[in-house]
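Asks: Curious how this folds, go ahead:
(2 chains)
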Amino acid sequence: KHLVLLRDGRTLIGYLRSIDQFANLVLHQTVERIHVGKKYGDIPRGIFVVRGENVVLLGEIDLEKESDTPLQQVSIEEILEEQRVEQQAKQESEKLKVQALKERGLSVPRADTLDEY
Amino acid sequence: EPNDLGDPAVMRAVQSKPTLESQDSAVLDSRIGACWAEFGKEDMLPMDPAGWGSCPASIPSPHGLEDKAILQVLERPPPSTNVALDFLGSPMQRGYGGSPRLKRPNLRLMSPKSFPQRFLRQQSPLMPPSPCSPRPFVPTRRPSPLFSSNQTAGYASPTPFRPMSPNISSPPQPLAMHFGPMSPSLDPTLFFSPSASGQLNLSVPSHMTQLHPQHQRILTQRQQQGRQAQSMSPKKLWSPKADPYAGLMTSKEKDWVVKVEMIQLQSENMDDDYYYQMYYHRLERKQAEEELLGGRNKQEPPKLVTPFIQKVETYDSVVRIAGSLGQVAVSTCYSPRRAIDAVHHALVEEVAVSGAGCNCCAFLSPLLKAAGSHRLRALHRIEKLFLQLLEVEETQRKMSLAPEGKQPCCEEQKSQEVERIYQVLKIRACRSEEEAEDEFLQLLCVRKGKKLTARLLPHLTREQAEKILLTITHHLPFLMKKDMDGAVAVMGETVSDSCSPLCPAQSLSLLYSPLNEVVGGMTFSKLIEVLQKMTRPLPESPELPLAMALKNQFGISLLYSLLSHGERLLSSDVPLEPRSGDFEMWTDTVFLVARELSQVPKTSLVEPLFLPSNLLSLFCRYLDKQTVHHLEAKMECSPLPSEAAMPC
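Replies: Here you go, the predicted model:
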């Protein structure tokens, strides 16, 4: 069972079934785990085939320690809601920041990479 | 296993002892380097650390060595961090026992300095000494003769996880244990396969996989725990039923992936991996400092172990597919792209060798006969000539469209071009022995060459065209044979059955139409001359060319065409102006043809491309009615208008 971190910030957990030299991955019984604060929620996704270039890192999950976590699992709806809230807050703070900088004559170049994470 | 990686051009895993150059020790972070203790999986488990005695010489396998060492390390952090290199060099002394092949002079050790602390920390969960005797290995497990001299296949060199602790006062004794199906010839390192299944990892790490020591440790841990649990309770913790999807990747596939990645690490180019290089330099520098400070023996930092896979330095960069004009680009990571060279190589070689033109056939023939170079050269020439011919035709076309005034000069130019092409063809009647060498004939052996000639014929002068006809007729047996011999090989096999749809031979037929035209314009004498070629006996065969022609579509068509023309000439009012002996020759020929036709079995007789209608009349002139009927039936001619009307 592995945990995969993707370039877009998603966290996938699933059974790694196959790889190749490009680090393309085949994940089975995959679950996308969303973390907000101390809470997390799992969205079942099924089978994933991930293109290698999108993988940031990958690690094996220690099944014993897996349950041994301070994080609290919540329902999908709840975590999505939490995520939305978090996103909103982030956006607002970002907006304020940009505004403040603009007032001082500085402009932040837009990040145009794909790596949002 | 030359095709292990599926790309023979790239590399081959060589079953050989790794050379010194390829031997690098493992890259280990100086801090976590100590973790190779985990190396010996469950072997370590049951070992009673206290029971480490001097290693008996009866150590069953070299594999035991590192286990012992690991155990030692685990159990007893070295009191001093003095690592003597020769520790490894002479394992016997240390009681690592076993085989002298354990010596690996180029092993490099890690600094053991930081070793103990980490080790101690990590040790505890790992090795609860258990009194139980070791379970026999999981059968698929392969021992890791790190020090095996039989290191083969260039997999990870033995060094990665060197037992560091030099001060093993009591070498581990458990080597007497059975470590499973060990054979010295096995692969160097024992690795875990990155299986996705749960704790109990029954799948064996392949000998190819090289794991980070920490990873190794964790896996060992897991296995040990699993095994412990298992041994404690009969109930299986893990069963295949729980995870039917496990093991989708075979160990072979895993090996392959690892191999690919490892190979990528091999590089002569020092700039390839800047970060690794920098890191390594720093490490070296640090150790050098320590060395100076501590006055210790020189220790070298471990280097990355890459499996010894010999990169094939030279590879078959030129791949010639049968029948192709040029070379196929073989692109590998060493040479991304190679443009297709049209035969330049072959020609250059030949010219260089011969140092002369193609005229010294006798000298060159052994050389030229090499590997289809004939064909290639012929193809090359054909291509060049074709280009010229196409230009000519283009000019012709423009000429026909252009107004009258411009024609003469273009005409002149065109005929010059045509002349040039004709000259290049070097058409000459040569002896039979030289057929293989004659350039024009070689051209004709190739379908495209025939096409070229066929297209060229209309542009040639009468003389030139007739000369070609003469040459072709002269060498008709040769050409027919070549035609049937599969100048085109289908799927590498000659299709000899001319009726088979697969048989693409008979390209001679391409020449029929233009030659027919040529025949149609010949004088009687010329005709006789041509016919003589067909009736002359051959030195190497009892059969007349004539008879052979009957069995070849082109041959029979040409023959009929010639006869038909003769008949046409005879029955016309045009004065023939024959030379002396022409008529006799003519009648002789007709008789010969008739004879051969009647003798040849119907099944061998090939249907011509075109059956002239005046052949029967021709036969009627000279032969009796019965014979004519017979021939008629044979040739499947449409009967003459009325038998009564036959002039016989």
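
Asks: Does residue B:573 belong to a helix, a strand or coil?
Replies: coil (DSSP: H, G, I helix; E, B strand; the rest coil).

Asks: Please give me every residue in contact with it.
Replies: Counting by CB atoms under 8 Å, 6 or more residues apart in numbering or on different chains, residue B:573 makes contact with nothing. In this view, the C-beta of every residue, glycine as well, is placed from N, C-alpha and C.

Asks: count of neighbours near residue A:87?
Replies: Residues lying near residue A:87 (other CB atoms under 10 Å in any protein chain shown) number 11.

Asks: Might you report the residue contacts of it?
Replies: Taking CB under 8 Å, 6+ apart, one finds nothing in contact with residue A:87.

Asks: For the strand or helix carrying it, buried residues please.
Replies: In this structure, residue A:87 sits in helix A:76-103 according to DSSP states H and E. Residues A:79, A:82 are the ones in helix A:76-103 that count as buried (16 or more other CB atoms under 10 Å in any protein chain shown).

Asks: Isn't residue B:609 up against residue B:511?
Replies: No - applying CB atoms under 8 Å as the test, residue B:609 and residue B:511 come out as separate, 10.5 Å apart.

Asks: Compare the two (neighbour count), which wins?
Replies: residue B:511 (23 against 17).

Asks: name the element that one belongs to?
Replies: helix B:509-520.

Asks: In contact with the residue lying closest to residue B:474 once chain neighbours are set aside: list those residues for me.
Replies: Closest residue in space to residue B:474, ignoring its immediate chain neighbours: residue B:533 at 4.7 Å, by CB to CB, 6 or more residues apart in numbering or on different chains. Going by CB under 8 Å, 6+ apart, residue B:533 touches B:470, B:473-474, B:476, B:545.

Asks: Which other helices and strands does the lowest-mean-pLDDT helix or strand in chain A contact?
Replies: Every helix and strand of chain A was ranked by mean pLDDT, DSSP states H and E. The lowest is helix A:63-66, at a mean of 84. Packing partners of helix A:63-66 (3 or more CB pairs under 8 Å, 6 or more residues apart in numbering or on different chains; DSSP states H and E): none among the helices and strands.

Asks: Beyond that helix, next helix or strand please.
Replies: strand A:72-73.

Asks: from the chain's centre, how far out does that following strand sit?
Replies: 16 Å (CA atoms, centre = their mean, to the nearest Å).

Asks: got a list of what residue B:513 touches?
Replies: Contacts of residue B:513 by CB under 8 Å, 6+ apart are residue B:454.

Asks: for residue A:73, same thing?
Replies: So residue A:73 contacts A:39-42 (CB under 8 Å, 6+ apart).

Asks: Give me the subset of those residues lying in strands.
Replies: In strands, judged by DSSP state E, the following of the contacts of residue A:73 are found: A:39-42.

Asks: Got a ChimeraX select line for the buried ones in these?
Replies: Buried subset of the ones in strands among the contacts of residue A:73, written as a ChimeraX selection, criterion 16+ other CB under 10 Å:
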select /A:39,40,41,42
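
Asks: Quickly name whichever of the ones in strands among the contacts of residue A:73 is closest to residue A:77.
Replies: residue A:41 (8.2 Å; CB to CB).

Asks: list the contacts for the closest one?
Replies: A:33-34, A:73-76, A:78-80, A:82.

Asks: could the residues you listed go into TSV alongside pLDDT and distance to residue A:102?
Replies: Below are the contacts of residue A:41 laid out as TSV (pLDDT from 0 to 100; distance: CB to CB, whole Å):
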residue	pLDDT	distance to residue A:102
A:33	94	37
A:34	93	32
A:73	90	41
A:74	90	38
A:75	90	40
A:76	90	38
A:78	90	36
A:79	90	34
A:80	91	32
A:82	90	30
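
Asks: what is in contact with residue B:609 and residue B:511 at once?
Replies: Common neighbours of residue B:609 and residue B:511 (CB under 8 Å, 6+ apart) are residue B:554.

Asks: which one of the contacts of residue A:41 sits closest to chain B?
Replies: Closest approach to chain B among the contacts of residue A:41 (CB to the nearest CB): residue A:33, at 17.3 Å.

Asks: ok, the strand or helix carrying the closest one near chain B or not?
Replies: Using DSSP H and E, residue A:33 maps to strand A:25-36. Yes - Strand A:25-36 is in contact with chain B by CB under 8 Å from any CB of the partner chain, via A:26, A:28.

Asks: Direction included, what does that strand pair up with?
Replies: strand A:11-19 (antiparallel), strand A:39-50 (antiparallel) (DSSP bridges).

Asks: if we can go back for a sec, turn the ones in strands among the contacts of residue A:73 into a markdown table, including pLDDT.
Replies: Converted to a markdown table, the ones in strands among the contacts of residue A:73 look like this (pLDDT from 0 to 100):
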| residue | pLDDT |
| --- | --- |
| A:39 | 90 |
| A:40 | 91 |
| A:41 | 92 |
| A:42 | 93 |
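
Asks: Could you single out the nearest of the ones in strands among the contacts of residue A:73 to chain B?
Replies: The closest of the ones in strands among the contacts of residue A:73, once distances to chain B are taken by CB to the nearest CB, is residue A:42, at 18.0 Å.

Asks: was I right about that closest one contacting residue A:29?
Replies: No - the pair formed by residue A:42 and residue A:29 falls short of the contact definition of CB under 8 Å, at 11.0 Å.

Asks: about what we covered before: buried deepest among the strands paired with strand A:25-36, which one?
Replies: Of all the strands paired with strand A:25-36, strand A:11-19 has the most neighbours on average by mean count of other CB atoms under 10 Å in any protein chain shown, namely a mean of 20.

Asks: taking the mean pLDDT, what do you get for that one?
Replies: If you average the pLDDT over strand A:11-19, you get 93.

Asks: Please compute how far that strand lies from its chain's middle.
Replies: That offset, for strand A:11-19, works out to 14 Å (CA atoms, centre = their mean).

Asks: What lies in contact with that strand?
Replies: A:1-6, A:25-35, A:42, A:45, A:48, A:50, A:58, A:60-61, B:194, B:196, B:243, B:245-246, B:248-249, B:253-254, B:257.
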